[in-house]
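S.K.: coords please:
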Amino acid sequence: MKPDGRGLTVVGDDAQSIYSFRAATVRNILDFPGEFRPPARMVTLERNYRSTQPILSASNAVIDLASERFTKNLWSDRGSAERPQLVAVRDEADQVHYVIERVLENREAGIALRAQAVLFRASHHSGPLEVELTRRNIPFVKFGGLKFLEAAHVKDVLACLRFVENPRDRMAGFRVLQLLPGIGPTNAARVLDQVPPPPRAAEGWPAFLALVRRLCEHGPSWPAELAAVRMWYDPHLERIHEDAALRGADLIQLEQIAMGYGSRQQFLTELTLDPPDATSDLAGAPLLDEDYLILSTIHSAKGQEWAAVFVLNAVDGCIPSDLATGTDEEIEEERRLLYVAMTRAKDQLDLIVPQRFYTHQQANRGDRHVYACRTRFVPASILALFAARAWPTALAEAQPASAARPQARVDLGARMRGMWR
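M.R.: Model prediction:
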(Lines give C-alpha, C1' and ligand atoms only; values in the text may rest on other atoms or scores of the structure.)
Protein backbone atom coordinates (compact mmCIF):
# COMPACT_ATOMS: atom_id res chain seq x y z
CA MET A 1 0.00 0.00 0.00
CA LYS A 2 2.78 2.42 0.98
CA PRO A 3 6.07 0.85 -0.21
CA ASP A 4 8.15 3.87 0.82
CA GLY A 5 6.31 4.30 4.13
CA ARG A 6 5.17 7.86 3.42
CA GLY A 7 1.74 8.52 4.86
CA LEU A 8 1.69 5.24 6.81
CA THR A 9 0.78 5.33 10.50
CA VAL A 10 0.91 2.29 12.75
CA VAL A 11 -0.42 2.26 16.32
CA GLY A 12 0.76 -0.33 18.82
CA ASP A 13 2.23 -0.96 22.25
CA ASP A 14 5.25 -3.23 22.54
CA ALA A 15 4.61 -3.53 26.30
CA GLN A 16 1.31 -5.30 25.60
CA SER A 17 2.54 -7.88 23.09
CA ILE A 18 1.30 -11.05 24.83
CA TYR A 19 -0.03 -13.30 22.06
CA SER A 20 2.96 -15.27 20.82
CA PHE A 21 0.86 -18.44 21.04
CA ARG A 22 -1.12 -16.94 18.14
CA ALA A 23 2.09 -16.41 16.15
CA ALA A 24 2.25 -12.71 17.08
CA THR A 25 5.74 -11.43 17.88
CA VAL A 26 6.92 -8.29 19.61
CA ARG A 27 9.53 -7.92 16.87
CA ASN A 28 6.76 -6.65 14.58
CA ILE A 29 6.67 -3.36 16.45
CA LEU A 30 10.22 -3.19 17.83
CA ASP A 31 11.71 -3.55 14.35
CA PHE A 32 9.13 -1.39 12.57
CA PRO A 33 10.97 1.97 12.65
CA GLY A 34 14.05 0.45 10.97
CA GLU A 35 12.08 -1.01 8.06
CA PHE A 36 12.07 2.34 6.24
CA ARG A 37 14.57 4.94 5.08
CA PRO A 38 14.51 7.40 6.71
CA PRO A 39 13.41 5.51 9.85
CA ALA A 40 9.83 5.95 10.97
CA ARG A 41 9.21 8.73 13.47
CA MET A 42 7.89 7.57 16.83
CA VAL A 43 5.20 9.47 18.71
CA THR A 44 4.86 8.31 22.31
CA LEU A 45 1.46 8.50 24.01
CA GLU A 46 2.26 8.53 27.71
CA ARG A 47 -0.77 10.14 29.34
CA ASN A 48 -3.08 7.59 30.94
CA TYR A 49 -6.71 8.36 31.76
CA ARG A 50 -7.49 5.09 33.54
CA SER A 51 -5.21 4.35 36.50
CA THR A 52 -4.01 6.33 39.48
CA GLN A 53 -0.41 7.47 39.50
CA PRO A 54 0.78 4.96 42.16
CA ILE A 55 -0.51 2.09 40.02
CA LEU A 56 1.19 3.54 36.95
CA SER A 57 4.46 4.08 38.83
CA ALA A 58 4.56 0.44 39.91
CA SER A 59 3.62 -0.76 36.41
CA ASN A 60 6.29 1.46 34.83
CA ALA A 61 8.89 -0.01 37.19
CA VAL A 62 7.94 -3.59 36.23
CA ILE A 63 8.18 -3.00 32.49
CA ASP A 64 11.27 -0.78 32.84
CA LEU A 65 13.27 -3.92 33.69
CA ALA A 66 12.51 -5.43 30.27
CA SER A 67 15.61 -6.28 28.25
CA GLU A 68 14.34 -4.41 25.18
CA ARG A 69 11.50 -1.92 24.77
CA PHE A 70 10.53 1.52 23.55
CA THR A 71 10.99 3.93 26.44
CA LYS A 72 7.57 4.98 27.65
CA ASN A 73 6.55 6.00 31.17
CA LEU A 74 2.85 6.42 31.73
CA TRP A 75 1.57 9.26 33.87
CA SER A 76 -1.81 10.44 35.05
CA ASP A 77 -3.54 13.39 36.67
CA ARG A 78 -5.35 10.93 38.94
CA GLY A 79 -3.42 11.17 42.16
CA SER A 80 -3.87 8.79 45.10
CA ALA A 81 -2.18 7.99 48.38
CA GLU A 82 -2.98 4.28 48.00
CA ARG A 83 -0.12 2.22 46.55
CA PRO A 84 -0.68 -1.17 44.92
CA GLN A 85 -0.70 -3.89 47.57
CA LEU A 86 1.63 -6.88 47.64
CA VAL A 87 -0.28 -9.29 49.85
CA ALA A 88 1.44 -12.34 51.36
CA VAL A 89 -0.93 -15.17 52.33
CA ARG A 90 -0.17 -18.60 53.73
CA ASP A 91 -1.53 -20.74 50.90
CA GLU A 92 -4.08 -20.93 48.10
CA ALA A 93 -6.95 -21.37 50.56
CA ASP A 94 -6.07 -18.12 52.31
CA GLN A 95 -5.72 -16.47 48.91
CA VAL A 96 -9.32 -17.40 48.15
CA HIS A 97 -10.59 -16.13 51.52
CA TYR A 98 -8.65 -12.88 51.15
CA VAL A 99 -10.05 -12.14 47.70
CA ILE A 100 -13.63 -12.84 48.77
CA GLU A 101 -13.29 -10.73 51.92
CA ARG A 102 -11.89 -7.79 49.96
CA VAL A 103 -14.48 -8.12 47.18
CA LEU A 104 -17.33 -8.04 49.69
CA GLU A 105 -15.75 -5.13 51.57
CA ASN A 106 -15.55 -3.19 48.31
CA ARG A 107 -19.15 -4.01 47.51
CA GLU A 108 -20.26 -2.66 50.89
CA ALA A 109 -18.23 0.47 50.11
CA GLY A 110 -20.19 1.01 46.89
CA ILE A 111 -17.95 -0.76 44.32
CA ALA A 112 -20.20 -3.11 42.35
CA LEU A 113 -19.08 -6.68 41.74
CA ARG A 114 -18.91 -5.95 38.01
CA ALA A 115 -16.39 -3.19 38.74
CA GLN A 116 -14.02 -5.75 40.29
CA ALA A 117 -11.95 -8.40 38.55
CA VAL A 118 -9.78 -11.33 39.55
CA LEU A 119 -7.04 -12.02 37.01
CA PHE A 120 -4.83 -15.09 36.67
CA ARG A 121 -2.16 -16.48 34.35
CA ALA A 122 -3.81 -19.85 33.61
CA SER A 123 -7.48 -20.79 33.61
CA HIS A 124 -7.13 -23.53 36.23
CA HIS A 125 -5.63 -21.10 38.77
CA SER A 126 -9.14 -19.87 39.57
CA GLY A 127 -10.51 -23.34 40.43
CA PRO A 128 -10.50 -23.04 44.26
CA LEU A 129 -11.92 -19.51 44.06
CA GLU A 130 -14.75 -20.63 41.78
CA VAL A 131 -15.67 -23.42 44.17
CA GLU A 132 -15.83 -21.04 47.15
CA LEU A 133 -17.78 -18.41 45.20
CA THR A 134 -20.27 -21.10 44.21
CA ARG A 135 -20.54 -22.31 47.81
CA ARG A 136 -21.23 -18.78 49.03
CA ASN A 137 -23.69 -18.01 46.21
CA ILE A 138 -21.60 -15.07 44.97
CA PRO A 139 -22.35 -14.65 41.25
CA PHE A 140 -19.41 -14.53 38.86
CA VAL A 141 -18.62 -14.73 35.17
CA LYS A 142 -15.41 -16.22 33.84
CA PHE A 143 -13.63 -15.16 30.67
CA GLY A 144 -10.80 -17.14 29.10
CA GLY A 145 -11.95 -20.71 29.61
CA LEU A 146 -15.04 -22.36 31.02
CA LYS A 147 -16.07 -22.04 34.60
CA PHE A 148 -14.22 -24.72 36.52
CA LEU A 149 -17.38 -26.58 37.52
CA GLU A 150 -18.85 -26.30 34.02
CA ALA A 151 -15.97 -27.92 32.14
CA ALA A 152 -16.94 -31.26 30.59
CA HIS A 153 -14.19 -33.29 32.25
CA VAL A 154 -14.99 -31.92 35.72
CA LYS A 155 -18.68 -32.66 35.15
CA ASP A 156 -17.80 -36.21 34.09
CA VAL A 157 -15.87 -36.96 37.27
CA LEU A 158 -18.46 -35.37 39.54
CA ALA A 159 -21.26 -37.21 37.73
CA CYS A 160 -19.52 -40.52 38.45
CA LEU A 161 -19.33 -39.67 42.15
CA ARG A 162 -22.96 -38.56 42.18
CA PHE A 163 -24.10 -41.75 40.48
CA VAL A 164 -22.27 -43.92 43.00
CA GLU A 165 -23.67 -41.86 45.86
CA ASN A 166 -27.23 -42.07 44.49
CA PRO A 167 -27.89 -44.78 41.85
CA ARG A 168 -31.33 -43.23 41.27
CA ASP A 169 -29.69 -40.10 39.83
CA ARG A 170 -30.46 -40.90 36.19
CA MET A 171 -28.94 -37.66 34.92
CA ALA A 172 -25.55 -38.54 36.45
CA GLY A 173 -25.74 -42.17 35.34
CA PHE A 174 -26.79 -41.16 31.83
CA ARG A 175 -23.70 -38.97 31.53
CA VAL A 176 -21.24 -41.47 32.99
CA LEU A 177 -22.42 -44.45 30.93
CA GLN A 178 -21.89 -42.53 27.69
CA LEU A 179 -18.21 -42.22 28.56
CA LEU A 180 -17.81 -45.93 27.85
CA PRO A 181 -16.93 -46.84 24.25
CA GLY A 182 -19.88 -48.45 22.51
CA ILE A 183 -22.59 -46.85 24.67
CA GLY A 184 -24.65 -44.01 23.25
CA PRO A 185 -27.74 -42.21 24.56
CA THR A 186 -30.16 -45.04 23.72
CA ASN A 187 -28.04 -47.79 25.27
CA ALA A 188 -27.28 -45.63 28.30
CA ALA A 189 -31.00 -45.27 28.96
CA ARG A 190 -31.48 -49.04 28.56
CA VAL A 191 -28.66 -49.84 30.99
CA LEU A 192 -30.27 -47.54 33.56
CA ASP A 193 -33.44 -49.60 33.06
CA GLN A 194 -31.40 -52.69 33.98
CA VAL A 195 -30.90 -53.94 30.42
CA PRO A 196 -27.46 -55.57 29.87
CA PRO A 197 -24.96 -53.37 28.00
CA PRO A 198 -24.39 -54.02 24.28
CA PRO A 199 -21.55 -56.38 23.26
CA ARG A 200 -19.50 -53.53 21.78
CA ALA A 201 -19.17 -52.04 25.29
CA ALA A 202 -17.54 -55.18 26.65
CA GLU A 203 -14.05 -53.67 26.70
CA GLY A 204 -14.75 -50.85 29.14
CA TRP A 205 -17.61 -52.38 31.13
CA PRO A 206 -15.57 -54.54 33.60
CA ALA A 207 -13.39 -51.62 34.70
CA PHE A 208 -16.47 -49.47 35.27
CA LEU A 209 -18.17 -52.18 37.34
CA ALA A 210 -15.01 -52.66 39.40
CA LEU A 211 -14.87 -48.93 40.11
CA VAL A 212 -18.53 -48.73 41.15
CA ARG A 213 -18.21 -51.82 43.35
CA ARG A 214 -15.08 -50.44 45.00
CA LEU A 215 -16.70 -47.08 45.78
CA CYS A 216 -19.97 -48.61 46.95
CA GLU A 217 -18.09 -50.81 49.38
CA HIS A 218 -16.34 -47.69 50.73
CA GLY A 219 -12.95 -49.21 50.00
CA PRO A 220 -10.72 -46.13 49.68
CA SER A 221 -11.13 -43.26 52.11
CA TRP A 222 -11.93 -39.74 51.00
CA PRO A 223 -10.42 -38.12 48.92
CA ALA A 224 -8.84 -41.36 47.63
CA GLU A 225 -12.27 -42.12 46.16
CA LEU A 226 -11.91 -39.13 43.86
CA ALA A 227 -8.40 -40.24 42.93
CA ALA A 228 -9.79 -43.67 41.99
CA VAL A 229 -12.39 -42.07 39.74
CA ARG A 230 -9.76 -39.87 38.13
CA MET A 231 -7.49 -42.83 37.37
CA TRP A 232 -10.44 -44.71 35.84
CA TYR A 233 -11.34 -41.62 33.82
CA ASP A 234 -7.80 -40.91 32.53
CA PRO A 235 -7.94 -43.24 29.48
CA HIS A 236 -11.39 -41.90 28.55
CA LEU A 237 -10.08 -38.33 28.91
CA GLU A 238 -7.24 -39.04 26.47
CA ARG A 239 -9.64 -40.70 24.04
CA ILE A 240 -12.27 -37.94 24.11
CA HIS A 241 -10.22 -34.74 24.37
CA GLU A 242 -7.18 -33.60 22.40
CA ASP A 243 -5.98 -31.36 25.24
CA ALA A 244 -6.06 -34.16 27.80
CA ALA A 245 -2.94 -32.93 29.62
CA LEU A 246 -4.46 -29.52 30.40
CA ARG A 247 -7.76 -31.05 31.46
CA GLY A 248 -5.90 -33.55 33.62
CA ALA A 249 -4.37 -30.62 35.53
CA ASP A 250 -7.90 -29.44 36.33
CA LEU A 251 -8.76 -32.84 37.78
CA ILE A 252 -5.64 -32.76 39.96
CA GLN A 253 -6.78 -29.34 41.14
CA LEU A 254 -10.19 -30.86 41.92
CA GLU A 255 -8.46 -33.47 44.08
CA GLN A 256 -6.69 -30.75 46.03
CA ILE A 257 -10.00 -28.97 46.58
CA ALA A 258 -11.57 -32.25 47.75
CA MET A 259 -9.00 -32.49 50.55
CA GLY A 260 -10.87 -29.68 52.31
CA TYR A 261 -13.96 -31.85 52.77
CA GLY A 262 -14.47 -34.67 55.23
CA SER A 263 -16.44 -37.07 53.05
CA ARG A 264 -17.86 -37.74 49.62
CA GLN A 265 -21.31 -36.76 50.82
CA GLN A 266 -20.14 -33.40 52.14
CA PHE A 267 -18.16 -32.71 48.97
CA LEU A 268 -21.11 -33.40 46.67
CA THR A 269 -23.51 -31.47 48.87
CA GLU A 270 -21.32 -28.37 48.77
CA LEU A 271 -20.70 -28.62 45.03
CA THR A 272 -24.12 -29.65 43.78
CA LEU A 273 -24.28 -28.90 40.08
CA ASP A 274 -27.37 -28.00 38.14
CA PRO A 275 -28.16 -30.70 35.55
CA PRO A 276 -26.79 -29.69 32.14
CA ASP A 277 -29.41 -28.40 29.70
CA ALA A 278 -27.83 -30.33 26.84
CA THR A 279 -24.42 -31.59 25.82
CA SER A 280 -23.09 -28.01 25.54
CA ASP A 281 -20.26 -27.06 27.89
CA LEU A 282 -20.40 -23.31 27.31
CA ALA A 283 -21.19 -21.12 30.28
CA GLY A 284 -24.35 -19.12 29.67
CA ALA A 285 -24.31 -15.34 29.60
CA PRO A 286 -25.70 -13.68 32.75
CA LEU A 287 -28.76 -11.47 32.77
CA LEU A 288 -27.95 -7.84 32.05
CA ASP A 289 -29.45 -6.63 35.33
CA GLU A 290 -27.38 -8.99 37.49
CA ASP A 291 -24.29 -7.97 39.42
CA TYR A 292 -21.44 -10.45 39.17
CA LEU A 293 -17.73 -10.66 39.88
CA ILE A 294 -15.39 -10.87 36.88
CA LEU A 295 -12.90 -13.74 36.66
CA SER A 296 -10.55 -13.64 33.70
CA THR A 297 -7.26 -14.87 32.37
CA ILE A 298 -4.83 -12.04 31.78
CA HIS A 299 -4.90 -12.73 28.04
CA SER A 300 -8.66 -12.23 27.96
CA ALA A 301 -8.46 -9.07 30.09
CA LYS A 302 -6.45 -7.02 27.60
CA GLY A 303 -8.30 -3.84 26.70
CA GLN A 304 -10.54 -4.01 29.78
CA GLU A 305 -10.54 -1.95 32.98
CA TRP A 306 -11.98 -2.30 36.48
CA ALA A 307 -12.02 -0.20 39.62
CA ALA A 308 -10.41 -2.99 41.64
CA VAL A 309 -8.17 -5.77 40.33
CA PHE A 310 -6.81 -8.80 42.18
CA VAL A 311 -3.97 -10.75 40.54
CA LEU A 312 -3.73 -14.34 41.78
CA ASN A 313 -0.52 -16.31 42.32
CA ALA A 314 2.06 -13.55 41.83
CA VAL A 315 4.82 -16.11 42.37
CA ASP A 316 7.50 -17.67 40.22
CA GLY A 317 6.07 -20.73 38.54
CA CYS A 318 2.73 -19.00 37.94
CA ILE A 319 3.90 -15.55 36.77
CA PRO A 320 6.08 -16.37 34.94
CA SER A 321 4.53 -19.73 34.19
CA ASP A 322 6.97 -22.58 34.67
CA LEU A 323 6.03 -23.68 31.13
CA ALA A 324 7.14 -20.35 29.66
CA THR A 325 10.67 -19.89 30.98
CA GLY A 326 12.57 -21.84 28.34
CA THR A 327 13.88 -18.79 26.49
CA ASP A 328 14.56 -15.15 27.25
CA GLU A 329 11.82 -14.17 24.80
CA GLU A 330 9.25 -16.23 26.68
CA ILE A 331 10.27 -14.73 30.02
CA GLU A 332 9.98 -11.21 28.61
CA GLU A 333 6.47 -11.94 27.37
CA GLU A 334 5.55 -13.15 30.87
CA ARG A 335 6.80 -9.79 32.18
CA ARG A 336 4.51 -8.04 29.72
CA LEU A 337 1.63 -10.22 30.93
CA LEU A 338 2.07 -8.94 34.48
CA TYR A 339 2.27 -5.38 33.14
CA VAL A 340 -1.02 -5.84 31.28
CA ALA A 341 -2.67 -7.26 34.41
CA MET A 342 -1.51 -4.35 36.57
CA THR A 343 -2.61 -1.67 34.13
CA ARG A 344 -6.20 -3.00 34.10
CA ALA A 345 -6.75 -1.44 37.55
CA LYS A 346 -8.21 2.03 37.93
CA ASP A 347 -8.16 2.63 41.69
CA GLN A 348 -7.16 -0.51 43.57
CA LEU A 349 -4.58 -3.19 42.71
CA ASP A 350 -3.67 -6.24 44.80
CA LEU A 351 -0.96 -8.73 43.83
CA ILE A 352 -1.41 -11.84 45.96
CA VAL A 353 1.58 -14.02 46.90
CA PRO A 354 0.76 -17.45 48.41
CA GLN A 355 3.67 -18.69 50.50
CA ARG A 356 3.16 -22.40 49.94
CA PHE A 357 1.42 -24.78 47.54
CA TYR A 358 0.26 -28.23 48.61
CA THR A 359 1.30 -31.19 46.51
CA HIS A 360 -1.31 -33.59 45.17
CA GLN A 361 -1.67 -37.34 45.72
CA GLN A 362 -1.44 -37.21 49.50
CA ALA A 363 -3.77 -38.27 52.30
CA ASN A 364 -6.68 -36.16 53.47
CA ARG A 365 -5.39 -33.31 55.66
CA GLY A 366 -1.87 -34.08 54.44
CA ASP A 367 0.69 -31.32 54.81
CA ARG A 368 3.22 -31.99 52.05
CA HIS A 369 3.87 -28.67 50.37
CA VAL A 370 6.44 -26.56 48.55
CA TYR A 371 7.30 -22.94 49.21
CA ALA A 372 6.99 -20.28 46.52
CA CYS A 373 8.85 -17.03 46.11
CA ARG A 374 7.55 -13.67 44.91
CA THR A 375 7.55 -13.24 41.15
CA ARG A 376 10.93 -12.24 39.75
CA PHE A 377 9.23 -9.30 38.02
CA VAL A 378 8.83 -7.51 41.38
CA PRO A 379 12.42 -7.45 42.68
CA ALA A 380 13.53 -5.77 45.88
CA SER A 381 14.62 -2.66 43.95
CA ILE A 382 11.02 -1.66 43.23
CA LEU A 383 9.31 -2.87 46.43
CA ALA A 384 9.04 0.73 47.69
CA LEU A 385 6.35 1.31 45.06
CA PHE A 386 4.13 -1.32 46.68
CA ALA A 387 2.46 -1.49 50.08
CA ALA A 388 3.52 -4.88 51.46
CA ARG A 389 1.23 -6.61 53.93
CA ALA A 390 0.46 -10.06 55.29
CA TRP A 391 -3.00 -11.61 55.60
CA PRO A 392 -4.59 -12.60 57.87
CA THR A 393 -3.29 -10.01 60.28
CA ALA A 394 -1.48 -11.60 63.22
CA LEU A 395 -3.30 -11.37 66.53
CA ALA A 396 -1.97 -8.85 68.99
CA GLU A 397 0.36 -10.26 71.59
CA ALA A 398 -1.34 -11.36 74.76
CA GLN A 399 -1.28 -8.91 77.65
CA PRO A 400 1.28 -9.63 80.40
CA ALA A 401 -0.03 -11.57 83.35
CA SER A 402 0.25 -8.52 85.61
CA ALA A 403 -2.13 -6.57 83.38
CA ALA A 404 -4.63 -9.38 83.04
CA ARG A 405 -7.86 -9.28 85.01
CA PRO A 406 -7.49 -11.30 88.26
CA GLN A 407 -9.33 -14.60 88.16
CA ALA A 408 -10.91 -16.37 91.09
CA ARG A 409 -9.08 -19.55 92.05
CA VAL A 410 -11.13 -22.73 91.89
CA ASP A 411 -10.35 -25.86 93.91
CA LEU A 412 -11.26 -28.51 91.35
CA GLY A 413 -10.28 -31.35 93.70
CA ALA A 414 -12.73 -30.16 96.36
CA ARG A 415 -15.49 -29.85 93.76
CA MET A 416 -14.93 -33.35 92.44
CA ARG A 417 -14.96 -34.82 95.97
CA GLY A 418 -18.18 -32.93 96.70
CA MET A 419 -19.90 -34.60 93.73
CA TRP A 420 -19.56 -38.00 95.40
CA ARG A 421 -20.82 -37.07 98.83
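
S.K.: which residues touch the residue sitting nearest the centre point of the chain?
M.R.: For the chain, the residue sitting closest to the mean C-alpha position, by Cα atoms, centre = their mean, is residue 126 at 1.6 Å. Contact analysis of residue 126 by Cβ atoms under 8 Å, 6 or more residues apart in numbering lists 118, 120, 142, 148, 295, 312. Every residue, glycine included, has its C-beta placed from N, CA and C.

S.K.: so it belongs to a strand, correct?
M.R.: No: residue state for residue 126 (DSSP: H, G, I helix; E, B strand; the rest coil) corresponds to helix; a strand is not indicated.

S.K.: helix/strand/coil for the nearest residue to residue 386 once chain neighbours are set aside?
M.R.: What sits nearest to residue 386 in space, not counting adjacent residues and going by Cβ to Cβ, 6 or more residues apart in numbering, is residue 86, at 4.3 Å. Under three-state DSSP, the three-state class of residue 86 is strand.

S.K.: and residue 86, how many neighbours?
M.R.: Neighbours of residue 86 under the rule other Cβ atoms under 10 Å: 22.

S.K.: hmm, it is touching residue 385, no?
M.R.: No: judged on Cβ atoms under 8 Å, residue 86 makes no contact with residue 385 at a distance of 9.5 Å.

S.K.: break down this structure into its strands, ranges please.
M.R.: 85-89, 116-120, 140-143, 293-297, 306-311, 345-354, 356-358, 369-371, 387-390 (DSSP state E).

S.K.: quick one, which of the ones you listed is nearest to residue 55?
M.R.: Among these, strand 345-354 comes nearest to residue 55, with 5.2 Å by Cβ to Cβ.

S.K.: what lines up beside the closest one in the sheet?
M.R.: Using DSSP bridges, the strands paired with strand 345-354 in its sheet are strand 85-89 (parallel), strand 306-311 (parallel).

S.K.: a markdown table for these, including mean pLDDT and distance to residue 212?
M.R.: Putting these into a markdown table (pLDDT from 0 to 100; distance: least, Cβ to Cβ, whole Å) gives the following:
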| stretch | mean pLDDT | distance to residue 212 |
| --- | --- | --- |
| strand 85-89 | 95 | 40 |
| strand 306-311 | 96 | 41 |
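
S.K.: what's the most buried one of the ones you listed?
M.R.: Mean neighbour count (mean count of other Cβ atoms under 10 Å) peaks for strand 306-311 among the strands paired with strand 345-354, with a mean of 24.

S.K.: quick one: residue 314 and residue 374 touch, right?
M.R.: Yes: judged on Cβ under 8 Å, residue 314 makes contact with residue 374 at a distance of 6.8 Å.

S.K.: more neighbours: which of these two?
M.R.: Per other Cβ under 10 Å, whichever of residue 314 and residue 374 has more neighbours is residue 314, with 26 against 19.

S.K.: tell me the confidence at that one?
M.R.: pLDDT, residue 314: 94.

S.K.: state the distance from it to residue 63.
M.R.: Between residue 314 and residue 63 the computed distance is 15 Å (Cβ to Cβ, to the nearest Å).

S.K.: now do residue 387
M.R.: Distance, residue 387 to residue 63, using Cβ to Cβ: 20 Å.
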